[in-house]
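Asks: Need coordinates for the following:
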Amino acid sequence: METRSTASRRQRALTLLELIVVITIIGILMSMVAPRAVRWLTRGRFIAAEHDLQAIVKAATMHFTETAIYPDAIDAVDLDRTPVDPWGRPYLYEVTDDGPRAWTYGRDGEPGGDGEDGDVFWPPVETP
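Replies: Predicted coordinates:
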């Protein structure tokens, strides 16, 4: 006959089979969530880059309204911090006939590319 403490211990403890089932369920759920989380992070980097680029162009435009001259380099743009893209490289900047333009080449740092290696321009550039 079992004592009261032995019976209560059996009710409280997880069996090995129950533990394996729980771990398997958690693994299945994680395998469904992980790819989606990676896409969210990638999309977040592009959104952050686009917002930074908008701020750079806006600051350059504000400089133009005050001085009638666009800054010739990104360092001359009045920003709170040194602008680096979400991949850790400095943003690129130039003044064109249409005004200031800023961009980043994405994760790979090379022109062109798709997905996370894609380029981000502000103002947006239409590709053929």
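
Asks: ok, the residue nearest the centre of the chain to residue 13 distance?
Replies: What sits nearest the mean C-alpha location of the chain, by CA atoms, centre = their mean, is residue 45, with 1.9 Å. Relative to residue 13, residue 45 is positioned 45 Å away (criterion: CB to CB, to the nearest Å). Heads up, the C-betas are built off the backbone N, CA and C, glycines and all.

Asks: Low-confidence ranges, this structure, go.
Replies: 1-12, 127-128 (pLDDT under 70).

Asks: Checking residue 112 next. Helix, strand or coil?
Replies: The three-state label for residue 112, taken from DSSP: H, G, I helix; E, B strand; the rest coil, comes out as coil.

Asks: Could you report the neighbour count for it?
Replies: The tally of other residues near residue 112 (other CB atoms under 10 Å) stands at 11.

Asks: what about the residue nearest to it when sequence neighbours are not counted, neighbour count?
Replies: Leaving aside its chain neighbours, residue 112 sits nearest to residue 119 (6.8 Å; criterion: CB to CB, 6 or more residues apart in numbering). If you count neighbours by other CB under 10 Å, residue 119 ends up with 18.

Asks: and if you look at residue 92?
Replies: Counted with other CB under 10 Å, residue 92 comes out at 16.

Asks: now the one 5 residues further on
Replies: Per other CB under 10 Å, the neighbour tally for residue 97 reads 4.

Asks: Work out for me the element the residue nearest to the centre of the chain sits within.
Replies: Here residue 45, judged by DSSP states H and E, is contained in helix 16-67.

Asks: Kind regards, and thank you for your time.
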